[in-house]
Structure formats: C-alpha cells, structure tokens
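> no FASTA, just this:
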Ligand SMILES: [Mg+2]
C-alpha cells in the first residue's frame with residue numbers, strides 16, 4: 001500500500017516551459033564564472049560533464065574546486081520566483097484528493113522548496129521537505145540519497161510512490177522497489193507510469209490504490 005508520495009520539486013510541480021530552471025541554470029553558470037573563475041566555454045563544458053558524472057553541478061564543484069556549498073546554494077537559487085510562478089489551483093485540488101503523506105524530495109534546499117511551494121500556493125499539503133542537507137549532501141541519483149529519505153520517513157520502498165521529471169533520478173527508486181511516475185518528460189520506458197502533467201498523479205494513485 002502506498003503511504004508516501006515523494007515529489008521532486010523543480011520542473012515537476014510546475015512545467016519546464018516556464019523557464020525557472022533555465023534561470024537557475026544561468027545563475028549556476030554565472031557562479032562558475034564569477035566565483036570559480038572559469039571562462040564561459042569551460043564553465044559550460046564542465047557543467048555538462050558534472051551533471052553527467054555526478055547528477056548535479058554542485059557535486060562536481062565540491063569534488064574538484066572545494067567550493068563553499070552554502071554560498072553556492074544561496075547564489076544559484078537567488079532568482080525572482082514571482083516572475084515565473086503563480087498559485088496553481090488545479091494542483092492544489094489534485095493534492096487535496098490524494099490521501100497519502102506528501103513529501104518533497106529535492107536536490108535543492110528547504111528554503112528554495114518553501115519559496116516555490118508558497119508561490120504555487122500548495123505549501124500546506126507537504127508534511128516534510130527532504131533536501132540536500134537532510135541527505136547529508138547525497139544528491140539524486142546517488143542511491144544513498146534515497147536511503148536517507150526512507151530512513152527519515154521510516155518507510156519501506158514499496159510504500160512510496162515517486163514523482164519526478166528526471167528519468168535518471170527515477171531509476172534508483174525503481175530498483176529499490178518504489179512505484180515510479182515520470183512527469184513533464186518524454187519517454188518513460190523503465191518507469192511504472194508516465195504522465196504529462198503532475199495533476200494526473202491523482203489518477204495514478206487511484207489506479208494503484210484500487
Ligand atoms: Mg526536477
């Protein structure tokens with residue numbers, strides 16, 4: 001039985017097309033130039049390499065440049081969220097209909113998650129935010145990050161349904177035995193469900209509950 005729904009935050013609770021993650025990506029690039037001192041081409045190439053190798057740019061910068069993690073996190077999330085997000089009543093309604101504990105599981109910070117949820121008007125639905133600090137800086141798709149979430153919740157994998165826009169981040173969840181839902185992305189081979197819009201989680205939840 002599903003007791004917990006683990007929602008990724010960015011590009012999952014809102015559509016990719018609004019450009020918020022692109023704006024955060026710009027900040028990451030700017031950080032690599034301004035704070036790490038890389039030229040634009042090196043910054044772009046390294047970012048791609050780090051994402052591929054470590055799952056996040058932050059992890060790569062921590063390994064190779066020993067950067068100040070907290071400074072990085074504050075810097076890259078310093079974007080005007082109100083320019084991108086507004087209250088989403090459809091999402092609010094969908095979350096109301098799902099009778100399970102809802103948790104945010106993000107590679108970002110609790111502060112960023114709170115701000116995003118507040119702008120979307122859905123903060124009250126989430127009992128918990130498991131951020132990068134809560135997983136001792138293990139990020140998705142590192143399997144350790146998922147084990148932290150299970151420990152924190154006191155949950156077994158089969159009690160969890162995970163909703164994510166990243167196929168790569170769903171893979172470890174699926175391997176551990178969670179039910180996986182890909183959202184806002186094409187493809188979907190290897191996951192249990194693929195949906196176009198996060199509000200369709202309601203139907204997925206109904207299907208597996210009944
Ligand atoms: Mg995401």
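Yes, it's here. Since the structure is predicted, the reported quantities are computational estimates derived from the model, not experimental observations.

> Measure how far the helix or strand where residue 30 lies is from the centre of its chain, please.
With secondary structure defined by DSSP states H and E, residue 30 is part of helix 20-34. Centre-to-centre, helix 20-34 and its host chain are 17 Å apart (Cα atoms, centre = their mean, to the nearest Å).

> For the helix or strand that that helix is followed by, name the packing helices and strands.
Where DSSP H and E defines the elements, the next helix or strand beyond helix 20-34 is helix 40-54. Where contact means 3 or more Cβ pairs under 8 Å, 6 or more residues apart in numbering; DSSP states H and E, helix 40-54 is packed against helix 20-34, helix 57-65. Where C-beta positions appear, they are placed from N, C-alpha and C, glycine not excepted.

> and residue 203, what element?
helix 201-209.

> outside of that helix, which residues touch it?
1-2, 5, 94, 97-98, 100, 161, 163, 179, 181, 183, 193, 195 (Cβ atoms under 8 Å, 6 or more residues apart in numbering).

> okay but residue 46 is in contact with residue 60, surely?
Yes - with contact defined as Cβ atoms under 8 Å, residue 46 and residue 60 form a contacting pair (6.8 Å).

> contacting residues around stretch 117-132?
6-7, 9, 13-14, 58, 73, 81-82, 84-89, 91-92, 95-96, 101-110, 113-114, 139, 148-149, 152-153.

> Can you list the buried residues in that stretch?
117, 119-120, 122, 125-126, 128-132 (16 or more other Cβ atoms under 10 Å).

> Show the average pLDDT along it.
Average pLDDT, stretch 117-132: 98.

> That one spans what distance, first to last residue?
17 Å (Cα to Cα, to the nearest Å).

> Next: stretch 156-174.
End to end - Cα to Cα - stretch 156-174 spans 13 Å.

> Just say helix, strand or coil for residue 114.
helix (DSSP: H, G, I helix; E, B strand; the rest coil).

> on that earlier part again, deepest-packed of the helices and strands packed on helix 40-54, please.
Sort the helices and strands packed on helix 40-54 by mean neighbour count, taking mean count of other Cβ atoms under 10 Å, and helix 57-65 sits at the top with a mean of 18.

> what does the next helix-or-strand element following that helix rub up against?
Beyond helix 57-65 on the C-terminal side, the first helix or strand identified by DSSP H and E is helix 69-76. The contact list for helix 69-76, computed with Cβ under 8 Å, 6+ apart, reads 24, 27-28, 31, 35, 58, 61-62, 108-109, 112, 132, 137.
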